[in-house]
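# my questions concern the predicted model and sequence given below.
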Amino acid sequence: MFSKLLIANRGEIACRVAVTARRLGIRTVAIYSDVDAHAKHVSLCDEAVAIGGSTPAESYLNWERIVLAAKSSGAQAIHPGYGFLSENEAFASACQKAGLVFVGPPPAAIRAMGLKAESKRLMEQADVPLVPGYHGADQDARMLLHEADRIGYPVLIKASAGGGGKGMRVVSRREEFEAALASCQREGLQGFGDAAVLIEKYVQRPRHIEIQVFADQHGNFVYLFERDCSVQRRHQKVLEEAPAPGLSEAMRQQMGLAAVAAARAVGYVGAGTVEFIVEQKGEVSGLPIARSEGAQGQAAPDRTHMSFFFMEMNTRLQVEHPVTEAITGLDLVEWQLRVAAGEPLPLQQEQLRMSGHAIEARICAENPDKQFLPATGHLHTYVMPPCQEFSLGAVRVDSGVRQGDVISPFYDSMVAKLIVHGDTRDQALARLDAALAATRIVGLSTNVQFLRHILQSPSFAQANLDTALIPREEAVLFHQERVGFEWAVAAVVADILRTEQDGKKEAWVDPWARRDSWCAFGVGQRHFEFEFQGQALSVLLQFQRDGTLQLQTNAGTKAFSYRTEGDHLALALDDMRLTAEVIWHAQVAHVFTPMGATQLLLRDVLAHEVQAQANGAGLTAPMPGKLASFSVQPGQAVSKGQVLAVMEAMKMEHTIVAPEDGWVTELLYQPGDQVAEGAELLKLANKPADSG
């Protein structure tokens, strides 16, 4: 085993690798960009080397600097994590030439599986089932359109060198093909340096099931069962679980053997994941689905009419590897390091067992109600549920940030991974919902409440899984306010009263100066002005002469009381009870309850109200990022909904569309410019500028 390891990554995966390496007695070296100088992964490692820059191209994708950093630090091996350079053949080759151990597969395997078209040809030769499609070298646009027509719509265009949902578009009609192709080629070129695409039949109501494989340098291969990654948005995974609900033991074995055959076909070594798309024939055709006992004793759909097709192989560790660790009790990073050091696999196939059920939720800085718009900013409050980090227990948190850190626009939006394990799927689901309910993140938008909505949706709860689950359950997932205004007000008023009470240090207070609205005669009253869901509302708190409180809102007047239980408030409105926690950030109260979370703005009734000025009705940058392109020119007429510009932020493209019909009068930036959030990108007028 080597004694020093450089981790060529950042964030939670760098922290994850560092902890296992320390347990094995391996010293670690971190690398960091300018914006990551004080990041968590830097402090977790024994040494750290600055590689400069802020963008990925300047830092974590600059493999020449990374190799030099490894050599200068005395590291003997490099762990690439996932993303960035983890599937870069040139980087793996450079490590070998420099005498460094690359903790991953041989460069030839990366090359073979990195190009999707080439991997499809190899899988066909290895008798691994494939989705009908075109994987050829001819990339002429007219020929690609012809192939799409031949395959039949809907089709899926995918960047051949892509991954993570980037460079991928579903095309439902022939008329949409040209624009979708151009977008995929642009994302493929910018994200992976290759504009080549492949085209496949888009399987209706598919499940995304992947098999974890491992191979050593001695010719041993195993599969560590499967993960269901069907719940996705923008072709990126949101929730992952293991084992896959409703998968029969026979099909599990078939998929496992097919995955091993795929790995053998390219001479694979190390950890890898073979991804399959699973067609649910019985469900698509409307056939009744029988019920059977799931692998862990819970009822699960018996989908005996399922068939599977090879999609791609990720030649690295996956983001969702913790769910496999949870059901097997294994440390996959340790396996990676041992295999890279030349050791044989710790276990053979017949020795592998799985126990219970595990689910992982990706907590991201984004606003699901605004089409998953990425968010940036400070983590004013960052409190995760109690757990032992990286343990294989019931609740686990993998995170690369701490309270006070900044989520920047330069990298992806994932803040943390929350993983739970239970004896059954139902138990794991309940534990995950409770863990999400205990999560406190204030300072920027996250998808925490959205994740809870998914868990509580009928489809997910019943394991009726496919990649269209999110749009299918749209009515119960988006724009949900589970905490009503009345409870939000009760929590905030109670928190204000508690804070005022805690702040009193004198034994006696002049009754005429008391802030509880004490008066000699009648009923004391206190007014509050709030803004909730964009609506201004008034609240009246009444202090009765018998010492009781009444809260008057737009929902009526109710008896109100509260008591403090640590950081929580036990609230009562008439005969209803609820616990809540309030965290303030500026004038906004963030209210957390078991049923969900919400926000309430406390308005200063003595201040003059300032109306926000219109900012161009969608013509401003929705987040910090780079302007990729304009689709219009000054003087051009545009229609409502027409694409005007494309921005890049957090590894994704975001389109800016016209809010109404008009004319373009001015473009305010050049393609390639970095723009700040809220910056006006272009100007529109209701009529031509020279029409008088």
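In hand now; what should we look at?

# okay, buried residues for stretch 419-430 please.
For stretch 419-430, a neighbour-count test (16 or more other CB atoms under 10 Å) marks 419-422, 424-429 as buried. All C-beta atoms are positioned from the backbone trio N, CA, C, and that covers glycine.

# which ones among these lie within strands?
419-422 (DSSP state E).

# between those residues, which is nearest Glu680?
Ile419 (42.1 Å; CB to CB).

# quick check: the gap between Pro671 and Ala621.
Using CB to CB, to the nearest Å, one gets 14 Å for the distance from Pro671 to Ala621.

# and what of Leu627?
Counting by CB to CB - Leu627 and Ala621 are separated by 8 Å.

# what do these two both touch?
By CB atoms under 8 Å, 6 or more residues apart in numbering, Leu627 and Ala621 have these common neighbours: 647, 675, 681.

# now do Gly692, the pLDDT please.
Gly692 is assigned a predicted lDDT (pLDDT) of 45.

# hmm, I was thinking of Pro344
pLDDT, read off for Pro344, is 98.

# which parts of the stretch 1-150 of the chain are helices?
11-23, 40-44, 63-73, 89-97, 107-114, 116-125, 141-151 (DSSP state H, counting those that start in this stretch).

# next, the angle from the fourth one to helix 107-114.
To tie it back to what came earlier, the one meant is helix 89-97. Here helix 89-97 runs at 170 degrees with respect to helix 107-114, directions being taken by axes from the mean of the first three to the mean of the last three CA atoms, to 10 degrees.

# so what does helix 89-97 touch, helix or strand wise?
Secondary-structure packing of helix 89-97 (3 or more CB pairs under 8 Å, 6 or more residues apart in numbering; DSSP states H and E): helix 63-73, strand 101-102, helix 107-114.

# export those as TSV, with columns for distance to Arg353, mean neighbour count and mean pLDDT.
Below are these laid out as TSV (distance: least, CB to CB, whole Å; neighbours: other CB atoms under 10 Å; pLDDT from 0 to 100):
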stretch	distance to Arg353	mean neighbour count	mean pLDDT
helix 63-73	37	18	97
strand 101-102	30	22	98
helix 107-114	28	22	92
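
# Thr20: which of those is closest?
Using CB to CB, the nearest of the helices and strands packed on helix 89-97 to Thr20 is strand 101-102, at 15.7 Å.

# give me the residues contacting that closest one.
2, 76-78, 80, 91-92, 95-96, 340-341.

# for those residues, which one is nearest Gln253?
Ala340 (28.2 Å).

# now do that closest one against Ala179, distance only.
Ala340 is 44 Å from Ala179, by CB to CB.

# what's the answer for His218, then?
50 Å.

# show me where pLDDT drops low in the stretch 351-500 of the chain?
Applying pLDDT under 70 to the stretch 351-500 of the chain flags residues 388-393.

# can you list the helices of the stretch 1-150 of the chain in CSV and add distance to Gln550?
Shown next, in CSV, are the helices of the stretch 1-150 of the chain (distance: least, CB to CB, whole Å):
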stretch, distance to Gln550
helix 11-23, 48
helix 40-44, 47
helix 63-73, 65
helix 89-97, 67
helix 107-114, 67
helix 116-125, 65
helix 141-151, 66
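
# so which of the ones you listed is nearest Asp466?
helix 141-151 (20.5 Å).

# counting by contacts, list what the helix or strand following that closest one packs against.
Moving toward the C-terminus from helix 141-151, the first helix or strand encountered (DSSP states H and E) is strand 155-159. Counting contacts by 3+ CB pairs under 8 Å, 6+ apart, strand 155-159 is packed against strand 168-171, helix 177-192, strand 197-201.

# out of those, which comes closest to Arg402?
Nearest of these (CB to CB): helix 177-192, 28.8 Å.

# indicate which one of the helices and strands packed on strand 155-159 is closest to Ile211.
Comparing these by CB to CB, strand 197-201 comes nearest, at 19.3 Å.

# okay if I get the helices and strands packed on helix 89-97 as JSON lines plus distance to Gly484?
Below are the helices and strands packed on helix 89-97 laid out as JSON lines (distance: least, CB to CB, whole Å):
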{"stretch": "helix 63-73", "distance to Gly484": "52"}
{"stretch": "strand 101-102", "distance to Gly484": "55"}
{"stretch": "helix 107-114", "distance to Gly484": "51"}
